[in-house]
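Visitor: Pasted the sequence and its predicted model underneath.
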Amino acid sequence: MTASAAQRGLWLAGLLLLASALLVALGTGVGSAGLENLWPALWSDGTDPAARAMAWQIVWDIRLPRTVGAWCAGALLGLAGAVAQGLFRNPLADPYLLGSASGASLGVAAALALMGGGAGMVGSAKGAAAALVFSGHWLVRLGLTGAAFAGAVLAVLLTLALARGVQHTLRLLLAGVIVGVVLGAFTSLILLLSPDSLQAMQAFLLGSTGFVGWTSCLLMAGVWLLCVVAAWALSRVLDGLALGESTAHSLGLPLAPLRAALVAVLALATGTAVAQTGLIAFVGLAAPHLVRAVVKVPHGRLMGLASLMGAVLLAGADLLARGLIAPQELPVGVLTAVLGGGYLLWLMHRRTGPGGVL
C-alpha cells in the first residue's frame, strides 16, 4: 500500500466519523412529524419543566437509541460484507450468503407461530406489524430476538455441515445457497399454516430500527468491537487469499482454522444485526464497494472502513425513512434496497460502458 493510499484511507475514516457524528446529532431532530428540533426545549431557561422533561425523554429514550442502533447495525453489516467478499473472493458476496438471513427468518416465523401470531401478546387483535415483532414487552422482545439469532447461527452450522467444513470455498458458497432456499421454503410453509403470523413477519422481512433500545445498542456495540478486533487479527489470511489459495498456502497460513474463524466472525456479526433490526438489504454488499471506489487498502483497513461506511449508510437511510413521508414511515430495509440496488445498477452500467470492464 502506497503512502498516498494510506493517507486517503485516513481521510476517508475521518470523514466517515464526522458524518457519523453529524447523523447522530440529526437523529435527535427527526421524529414522527419530520424535522423538529428539540434542542431549544432541552436547554432554554424559559422552557416549561414538564415540556423539557418530555423533550429529554423523546431524545434519550426514542431518537438517540434508534439512531445509535442503526449505526451499530450498519457497522456490523458493513464489516460482515467485507469479510464475506474477502473470504469468497467475490465482490458480489453479501453477509447473508451462508444462510443466516433465511435461518433468522425461519426462527422468527416459528416463534410467531408458537405465539399464535403474536397479536394477543400485545393486547390488540389487529396489532401493527412493528408492535408485534419489535414489541416493548421484554419477554416478547427477548423471545423473537433470540429466535432470530438462534435461527441464523443454526443455519450457518447447517451450511458448514453440508459443505463438510470450510476447506472448499465454492462448496461452502453452494451450501449456503442451498440452505437459504430450503429454509426459505420452510418459512413460507410455516406462514402458510399460520396466516396470523403474516402481518407480524412482514416487519422483520422489511427491516426496522424503530424499536431498538439502549440494551440492543450495547449488545451490538459489544459484538461489533469483538468482531472488529477478530477481523483485524485475521486480515492477513484475506490478503493471502486475494492472491490465490496456492499463494496463501505458500505463506504458511493455516487456512482451515483461519477460515473457520472468519466464518464465525461473519456469522456473529450478521446474526446479531439481523436479530435486532430484521433483514436490511444491500448495506453489507454496497459498503465495501464504496470504500474500494475511493481507496485501495489491505483487508485490515478495508474491513474497518467498510464497517464505518455501512454505519453511515444505515444511519442515513434511517433518517430518510423517518423524514421522507412524515408522519408516515418507510421501512428502512426497503429504502436501503432501492438505494443500494440503484447504486449497483449504476456501477454495473459504468463498468460495462465504453472503456469499462464487467
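Guide: Sure, I can see it.
Visitor: Tell me the spatial nearest neighbour of the one residue sitting closest to the centre of the chain, not counting adjacent residues.
Guide: Against the mean C-alpha coordinate of the chain, by CA atoms, centre = their mean, the closest residue is Leu77 at 3.7 Å. Nearest residue to Leu77, sequence neighbours excluded (CB to CB, 6 or more residues apart in numbering): Gly284, at 4.0 Å. From N, CA and C alone the C-beta is placed, and that goes for glycine too.
Visitor: quick one: what helix or strand has that neighbour in it?
Guide: helix 283-294 (DSSP states H and E).
Visitor: Ok, Ala6 next?
Guide: For Ala6, the host element (DSSP H and E) is helix 3-27.
Visitor: Could you give me the buried positions within that helix?
Guide: Buried positions in helix 3-27, judged by neighbour count with 16 or more other CB atoms under 10 Å: Gly9, Leu12, Ala13, Leu16, Ala19, Ser20, Leu23, Val24, Leu26, Gly27.
Visitor: Just list what the one helix or strand Leu192 maps to packs against, helices and strands only.
Guide: In this structure, Leu192 sits in helix 169-193 according to DSSP H and E. Applying 3 or more CB pairs under 8 Å, 6 or more residues apart in numbering; DSSP states H and E, one finds that helix 169-193 contacts helix 64-88, helix 100-114, helix 138-162.
Visitor: can we see that at 6 Å?
Guide: Helix 169-193 is packed against helix 100-114, helix 138-162, with contacts defined by 3 or more CB pairs under 6 Å, 6 or more residues apart in numbering; DSSP states H and E.
Visitor: And these: which comes nearest Phe204?
Guide: For Phe204, the closest of the helices and strands packed on helix 169-193 is helix 100-114, at 5.0 Å, according to CB to CB.
Visitor: Mind giving me the packing neighbours of the closest one?
Guide: Identification of packing neighbours for helix 100-114 by 3+ CB pairs under 6 Å, 6+ apart yields helix 138-162, helix 169-193, helix 198-206, helix 255-277.
Visitor: where does the second one sit relative to the chain's centre, distance-wise?
Guide: The one in question is helix 169-193. Relative to the centre of its chain, helix 169-193 is centred 20 Å away, using CA atoms, centre = their mean, to the nearest Å.
Visitor: same question for it, mean pLDDT?
Guide: If you average the pLDDT over helix 169-193, you get 90.
Visitor: Which residues outside it are in contact with it?
Guide: By CB atoms under 6 Å, 6 or more residues apart in numbering, the list of residues contacting helix 169-193 from outside reads 88, 97-99, 102-103, 105-106, 109, 113, 155, 158-159, 162-163, 166, 197-198.
Visitor: hang on, the earlier thing: make CSV from the helices and strands packed on helix 169-193 and add mean pLDDT and mean neighbour count to it.
Guide: Conversion of the helices and strands packed on helix 169-193 to CSV gives the following (pLDDT from 0 to 100; neighbours: other CB atoms under 10 Å):
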stretch, mean pLDDT, mean neighbour count
helix 100-114, 89, 26
helix 138-162, 80, 20
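Visitor: would you turn these into TSV with distance to Ala293?
Guide: What follows is the helices and strands packed on helix 169-193, written out as TSV (distance: least, CB to CB, whole Å):
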stretch	distance to Ala293
helix 100-114	25
helix 138-162	29
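Visitor: Nearest to Ala267 among these would be which one?
Guide: Evaluated over the helices and strands packed on helix 169-193, closeness to Ala267 peaks at helix 138-162, with 4.2 Å, by CB to CB.
Visitor: what's the closest one packed up against?
Guide: On a contact count with 3+ CB pairs under 6 Å, 6+ apart, helix 138-162 meets helix 100-114, helix 169-193, helix 255-277.
Visitor: can you list contacts of it?
Guide: Against helix 138-162 from outside (CB under 6 Å, 6+ apart): 98-100, 103-104, 106-108, 111, 121, 135, 175-176, 179, 183, 267, 271, 274-275.
Visitor: Pull the number of nearby residues for Ala233.
Guide: Using other CB atoms under 10 Å, Ala233 is surrounded by 13 other residues.
Visitor: Below-threshold pLDDT in the chain: ranges please.
Guide: Applying pLDDT under 70 to the chain flags residues 1, 3, 30-49, 51-52, 116-142, 326, 351-358.
Visitor: SS state for the closest residue in space to His299 that isn't next to it in sequence?
Guide: Spatial nearest neighbour of His299, excluding adjacent residues (CB to CB, 6+ apart): Leu238 at 3.9 Å. Of the three states, Leu238 takes helix according to DSSP: H, G, I helix; E, B strand; the rest coil.
Visitor: same check, this time on Pro327
Guide: Three-state assignment for Pro327 (three-state DSSP): coil.
Visitor: hang on, Leu16 packs against Ala306?
Guide: No - applying CB atoms under 6 Å, one finds Leu16 not in contact with Ala306, separated by 10.0 Å.
Visitor: ok, back up a step: could you count how many residues lie near the residue nearest to His299?
Guide: 24.
Visitor: ditto for Val182
Guide: Neighbours of Val182 (other CB under 10 Å): 16.
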